[in-house]
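K.L.:
What shape does this take:
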Amino acid sequence: MSIPSTFRPKTSADFIGPAGKWAAHLEKLVRLALPTGDPLRIMLLGAPGIGKTQLAEHLVRTTGAGKFSISKYNGTGFRIDDAEAMIQTFRFKDMFGGYRVLQIEEVDKVPTVAQVALLTLLDDLPNHTACIATSNCKVKDFEVRFQRRFTVCEIEPPSEKDILTMLQLRWPVIPKKRAVEIATFCCGNLGQALTDADNAYAEFAA
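P.N.:
Residues are numbered from 1 along each chain as shown. Model (predicted):
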């Protein structure tokens, strides 16, 4: 059995709390697009530690994109040249028939000078391409020109009950009292809960 901090969802059912419902919904959305290759523009919003990056990576896997067909950026480092390079890249089909994917974390931090280039890229996405972005911001923090170009998903944090259920199901060696403490004090931050669970697992699995 793996330690908590190495846990990675493999199916939509593995996601915790509201992220699980979004995972199931978006997985269906991606699968519906696959036969025709419709372009995908998905933005995942929510507090840190709720699984946005894991969900983004799950969706990328669902597209069938190969490792050489995925371009990852942090918004702070995304430049006009990067957008222009992606426009050229997206003109070529993936040799294995999957999607080509642009994955951007902290999309709200894309520099102002690069935003127009990014929006132009989004407007002209060809078939068999996708842009999957994440941000810790709320939808109201984005200009309308960003909102209307994406399928926007605002993900709420998991509840204490969601986290407690996960801990008891996956790492039953952790006593319930400790698991309750972890679920309570992480304040909905699943990443923090898994980190705290590492210590408890090490203590009681020894």
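K.L.:
Which of the helices or strands spans the residue nearest the centre of the chain?
P.N.:
Centrality entry for the chain: nearest residue to the mean C-alpha point is Ala56, 2.7 Å, by Cα atoms, centre = their mean. Following DSSP states H and E, one finds Ala56 within helix 52-63.
K.L.:
which strands and helices sit next to that helix?
P.N.:
Packing partners of helix 52-63 (3 or more Cβ pairs under 8 Å, 6 or more residues apart in numbering; DSSP states H and E): helix 18-33, strand 40-45, strand 100-105, strand 129-135. To be clear about C-beta, it is placed using only N, CA and C from the backbone, and glycine gets the same treatment.
K.L.:
domain ranges for the chain?
P.N.:
Segmentation of the chain into domains, based on automatic domain parsing, reads 18-154, 160-205.
K.L.:
what about the last one, how long is it end to end?
P.N.:
It refers to domain 160-205. Taking Cα to Cα, to the nearest Å, the first and last residues of domain 160-205 lie 23 Å apart.
K.L.:
Then stretch 78-98?
P.N.:
24 Å.
K.L.:
again with stretch 36-54
P.N.:
Terminal residues of stretch 36-54 are spaced 26 Å apart (Cα to Cα).
K.L.:
and if you look at stretch 98-110?
P.N.:
27 Å.
K.L.:
before we move on, the earlier item: for Val116, see how far away the residue nearest to the centre of the chain is.
P.N.:
Noted for Ala56: a distance of 23 Å to Val116, by Cβ to Cβ, to the nearest Å.
K.L.:
cool, Ala133 as well?
P.N.:
16 Å.
K.L.:
Between those two, which has more neighbouring residues?
P.N.:
Ala133 (26 against 12; other Cβ atoms under 10 Å).
K.L.:
What score does the closest residue in space to that one that isn't next to it in sequence have for pLDDT?
P.N.:
Leaving aside its chain neighbours, Ala133 sits nearest to Val107 (3.8 Å; criterion: Cβ to Cβ, 6 or more residues apart in numbering). On pLDDT, Val107 comes in at 97.
K.L.:
about what we covered before: my read is that the residue nearest to the centre of the chain contacts Cys131, right?
P.N.:
No. Between Ala56 and Cys131 there is no contact under Cβ atoms under 8 Å: 10.5 Å.
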